[in-house]
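Colleague: 3D, please:
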Amino acid sequence: MAAATYETTVVMGDGAAIHTTVTSSYADVHRFLMEFGAYNNLIVGLDAEWRPNFQPGGGENQIAVLQLCIGHRCLVYQIIHDVGISSTLKSFLAHPGHTFVGVGVSKDAQKLLHEYGLRVANPVDPRYAAAHWLSRPDLLQAGLKSLALAVMGANIDKPQSVTLSAWDAHVLTAAQVTYATMDAYVSYEIGRRLLSNNYHGCLGVPLWCVLFH
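Modeller: This next block holds a predicted model:
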């Protein structure tokens with residue numbers, strides 16, 4: 001059985017506190033999303049994790065964890081262990097006014113549709129905007145770590161031991177929750193900066209450095 005829903009605070013390197021809900025319950029996903037039910041045109045950091053398959057010729061495992069971040073609120077949803085999918089989540093992801101930002105987000109969106117029937121209406125990969133605004137075509141191939149440094153002046157650590165960990169575990173480790181929160185929050189913050197009208201005012205300002213402990 002998956003762990004019960006709980007709340008935790010993940011503190012970034014600059015002291016920014018991200019309030020994270022960790023759950024495998026569609027009812028608690030509904031409650032989380034209702035915090036933003038009155039809002040349209042949200043920028044949302046989106047990421048997904050799954051257990052890597054090291055078998056030669058084996059396909060990818062299905063998404064185990066879905067992360068959403070809006071401002072300093074983050075959802076770490078152990079979707080693989082839920083017994084159903086919230087209709088609120090379906091509506092939220094399909095909302096044409098919301099923008100879901102993440103490096104490689106199109107692949108995550110395709111997997112969500114294929115594996116869970118969840119349609120992401122407006123996925124946006126921030127690498128294209130970053131390459132344009134910074135006149136750096138190399139950013140089209142950047143990972144989240146390189147993009148965070150280029151856009152935010154932020155150094156983030158993505159330990160391979162966590163990247164390649166058992167994301168389908170019934171109980172996520174503290175390191176996994178921190179990693180998942182960080183990925184979603186950084187995706188949100190990059191999207192907020194690149195898609196805002198005052199992006200040039202944020203350009204190259206190293207406001208914080210995310211440290212993984």
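Colleague: all helices for the chain, in order.
Modeller: Here the chain has its helices, by DSSP state H, at 26-34, 87-94, 105-116, 127-133, 144-152, 160-163, 174-195, 199-202.
Colleague: please identify the most buried of the ones you listed.
Modeller: Highest mean neighbour count among these (mean count of other Cβ atoms under 10 Å): helix 174-195, with a mean of 23. For every residue, glycine as well, the C-beta is placed using N, CA and C.
Colleague: one step back: and of the helices of the chain, who's closest to Gly57?
Modeller: helix 105-116 (19.1 Å; Cβ to Cβ).
Colleague: and the closest one, what does it pack against?
Modeller: In terms of contacts (3 or more Cβ pairs under 8 Å, 6 or more residues apart in numbering; DSSP states H and E), helix 105-116 is packed against strand 43-49, strand 123-124.
Colleague: I'd like to know how far Leu33 sits from Glu115.
Modeller: When distance is defined by Cβ to Cβ, to the nearest Å, Leu33 is 20 Å away from Glu115.
Colleague: then Ser146?
Modeller: 28 Å.
Colleague: same question for Ser91.
Modeller: As judged by Cβ to Cβ, Ser91 and Glu115 stand 19 Å apart.
Colleague: do the same with Ser196
Modeller: Ser196 is 32 Å from Glu115, by Cβ to Cβ.
Colleague: go on, Asn155?
Modeller: On the measure of Cβ to Cβ, Asn155 and Glu115 end up 33 Å apart.
Colleague: please apply the same query to Pro159.
Modeller: Distance of Pro159 to Glu115, given as Cβ to Cβ: 26 Å.
Colleague: repeat that for Tyr188.
Modeller: As judged by Cβ to Cβ, Tyr188 and Glu115 stand 23 Å apart.
Colleague: for the spatially closest residue to Thr163 that is not a sequence neighbour, what are its contacts?
Modeller: Excluding the flanking residues, the one nearest Thr163 by Cβ to Cβ, 6 or more residues apart in numbering is Tyr179, at 7.6 Å. When the contact criterion is Cβ atoms under 8 Å, 6 or more residues apart in numbering, the partners of Tyr179 are Lys158, Pro159, Val162, Thr163, Phe212.
Colleague: still on that earlier bit, same list, the helices of the chain, but as TSV with mean pLDDT and distance to Leu42 please.
Modeller: Shown next, in TSV, are the helices of the chain (pLDDT from 0 to 100; distance: least, Cβ to Cβ, whole Å):
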stretch	mean pLDDT	distance to Leu42
helix 26-34	97	10
helix 87-94	98	9
helix 105-116	98	15
helix 127-133	94	17
helix 144-152	94	19
helix 160-163	96	27
helix 174-195	96	10
helix 199-202	48	18
